[in-house]
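need a 3D model of the sequence below.
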Amino acid sequence: MAMADQLTDFNSRVVRISKSGNTSYYDPELGMNIPKRVSKEFINRKKTKQAGGSSIVVSLLLGAVCLMLSYLICLRLDLINHDAPMLVYGIAGILAIVLGGMFRLKSMTDMGAQFVGVGAMMVGMHNLIWAFPEPFAVIYSPEFVDIIQATTTANSIAFMSMTYMF
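Numbers count the residues shown, from 1 in each chain. I've put the predicted structure just below:
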């Protein structure tokens, strides 16, 4: 008896779905109309690009801030000496990924921009220290500012032990 009821219910659903004038059917479990056929134009349409300029700028700034935070963590907590920059850069990269995920900046473009921000600060953070030595001495340490000013020049880019003036 129950099997016959299920079969008649199934057949009635097939008849409703198969009607020629019916372009969709109502699914009671989902509570919505489901289209029977989807056009190829709808399937093959290109996804519209989202405006990502602002997220890229935020990702760049996030990467730059992450390098500053990693220096702060290493110098304040005495975890890593500033003479081991690769570890500081690694911490900055990990921070950029974690904070980027928290701020929902997870696309490949956003993560790439975060690493570009870390890289930009790697080659140019000393210019900020030259421009604002007193605040950096308060935030990081006077010894750190003295070491940076002794090893770099203002208005330059330091990349792979080479200094490029601009």
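
from here on, just use CA atoms for contacts and neighbour counts.
Fine.

ok, for residue 106, nearest residue in space, not its chain neighbours?
Computed as C-alpha to C-alpha, 6 or more residues apart in numbering, the closest residue to residue 106 that is not its neighbour in sequence is residue 100, at 6.3 Å.

need the phi and psi values for that neighbour.
phi -60, psi -40 (degrees, to the nearest 10).

one more: residue 104?
phi 60, psi 40.

how many residues are close by it?
The number of residues packed near residue 104 is 11, by other C-alpha atoms under 10 Å.

the strands in this protein, which residues?
Remark: strands assigned in the chain by DSSP state E are 24-27, 32-35, 156-159, 162-165.

and the ones you listed, which is most packed in?
strand 156-159 (a mean of 17; mean count of other C-alpha atoms under 10 Å).

can you give the contact residues for that strand?
122-124, 127, 152, 163-166 (C-alpha atoms under 8 Å, 6 or more residues apart in numbering).

what lines up beside that strand in the sheet?
strand 162-165 (antiparallel) (DSSP bridges).

just the CA trace of the strand it pairs with, in CSV.
Only the C-alpha atoms of strand 162-165 are listed here, as CSV (Å, rounded to 0.1, in the frame of the first residue of the first chain):
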residue,chain,number,x,y,z
MET,A,162,72.6,47.2,-2.5
THR,A,163,71.5,50.7,-2.1
TYR,A,164,69.8,52.6,-4.9
MET,A,165,69.5,56.3,-4.5
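
out of the strands of the chain, nearest to residue 95?
strand 156-159 (21.8 Å; C-alpha to C-alpha).

pull the helix or strand with minimum mean pLDDT from the protein.
Within the chain, no helix or strand scores below helix 40-44, which has a mean of 72 by mean pLDDT, DSSP states H and E.

who's in contact with that helix?
Under C-alpha under 8 Å, 6+ apart, the answer for helix 40-44 is an empty list.

how far off centre is that helix?
Its chain's C-alpha centre and that of helix 40-44 lie 30 Å apart, by C-alpha atoms, centre = their mean, to the nearest Å.

please apply the same query to stretch 61-79.
For stretch 61-79, the distance to the chain centre is 18 Å (C-alpha atoms, centre = their mean).

tell me the buried residues in that stretch?
61-75 (16 or more other C-alpha atoms under 10 Å).
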